[in-house]
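S.K.: The following block contains a protein sequence and its predicted model.
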Amino acid sequence: MADHVAPHPRPGDRSRDDGKELRLLHFIYGQPDLDEIRGNPQRVLDLIHKFEETTRLSMNVGAGKGKVMTDLIAQVKPQTMIELGGYVGYSAILFGDAVRRAGGKRYFSLELNPEFAAIANMLIELAGLRDFVRIIIGRSDRSLHKLFTSGEVTQIELMFLDHYKPAYTTDLMLCEQLGKIIPGVSVLAADNVLRPGNPPYLEYVRSTVEQKREAAKKGPVTSYNKEGIPQRLVESFLGDEDRPSFEMLGNPNLVYESTLHQPEGLQDAIEVTRCVRIRE
Ligand SMILES: C[S@@+](CC[C@H](N)C(=O)[O-])C[C@H]1O[C@@H](n2cnc3c(N)ncnc32)[C@H](O)[C@@H]1O
């Protein structure tokens, strides 16, 4: 391995490099009734929940917010869904299965950490979703750019944002400037907008066209806005010094309708944002 390649997980990653993700894989593949689990997404998810009774994985979207998403998937019925941040595959299995049941064709899971991606691939295979869910390893902005420029993805139908918190806004701006956010089609669902919180993203998707046009006068965005995002998250995954891979212009003329979906009893919520029209 070239010595300039940073190891995964990087310092600050919340996995704390304690091997719990590998222990999860052993726990699941060590089940005596493995043949009955094969091809059954719910059984794999149940085993992840069981593992979490003793070892907290901490980064899964979880059942409560997961239900918000599976309801949304049943309503939107995307042909293609993209998630930013796959971790060990919990959301890819839950949402990939829901997209398939809703008649969809493909689920892309974009994950930075190749070790997490390898584990997720093994669990997705066990769940019987190998031909449906594709994991793409790398940083989300470059992976999105490649998916768009290769023509594999022509528009955002439903995108789940659950990765490096400061990159939520810039990744959305990248989709906008490449013309992939389509009025009446594109829906965005962002996790962790209350806990730990993502004020720059909420401000962006809730601002008016006038406010965005005003902000755009300052020129392209070349760094991450980290205001109000807890420092431990700013230092996770990409690190405090990191910058977006592209200059982000966005498209200030896109009009969004954005609402918070907070399951009862949870402190966190998912922000669901629909692009409704474009202002000329
Ligand atoms: C909160 S976890 C995702 C949990 C997953 N969606 C679930 O609910 O099962 C965040 C993941 O995003 C990944 N990540 C962080 N920054 C990223 C980036 N810039 N591009 C792609 N993945 C990233 C991390 O490695 C981590 O696995």
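M.R.: Perfect, I can see it now.
S.K.: Just the pLDDT for the residue minimising distance to the centre of the chain.
M.R.: The centre of the chain sits closest to Leu84, judged by Cα atoms, centre = their mean, with a distance of 2.8 Å. Predicted confidence (pLDDT) for Leu84: 98.
S.K.: Let me know whether stretch 38-55 sits next to the ligand.
M.R.: No. Shown here: stretch 38-55 not in contact with the ligand (Cβ under 6 Å from any ligand atom), separated by at least 8.6 Å. Heads up, the C-betas are built off the backbone N, CA and C, glycines and all.
S.K.: May I see the buried residues of that stretch?
M.R.: Judged by neighbour count (16 or more other Cβ atoms under 10 Å), stretch 38-55 contains these buried residues: 41, 43-45, 47-48, 51-52.
S.K.: Dihedrals phi and psi, the residue nearest to the centre of the chain?
M.R.: phi -100, psi 110 (degrees, to the nearest 10).
S.K.: Is it in contact with Ala167, as I believe?
M.R.: Yes. Leu84 lies in contact with Ala167 (Cβ atoms under 8 Å); the separation is 7.5 Å.
S.K.: Are we agreed that Phe108 is in a strand?
M.R.: Yes. Counting by DSSP: H, G, I helix; E, B strand; the rest coil, Phe108 is part of a strand.
S.K.: Quick check: beta-bridge partners of it?
M.R.: Taking DSSP bridges as the rule, Phe108 bridges to Ile82, Arg134.
S.K.: tally of neighbours for it?
M.R.: Neighbour count for Phe108, taken as other Cβ atoms under 10 Å: 22.
S.K.: Could I get the contacting residues of it?
M.R.: Applying Cβ atoms under 8 Å, 6 or more residues apart in numbering, one finds that Phe108 lies in contact with 80-83, 133-134, 136, 147, 153.
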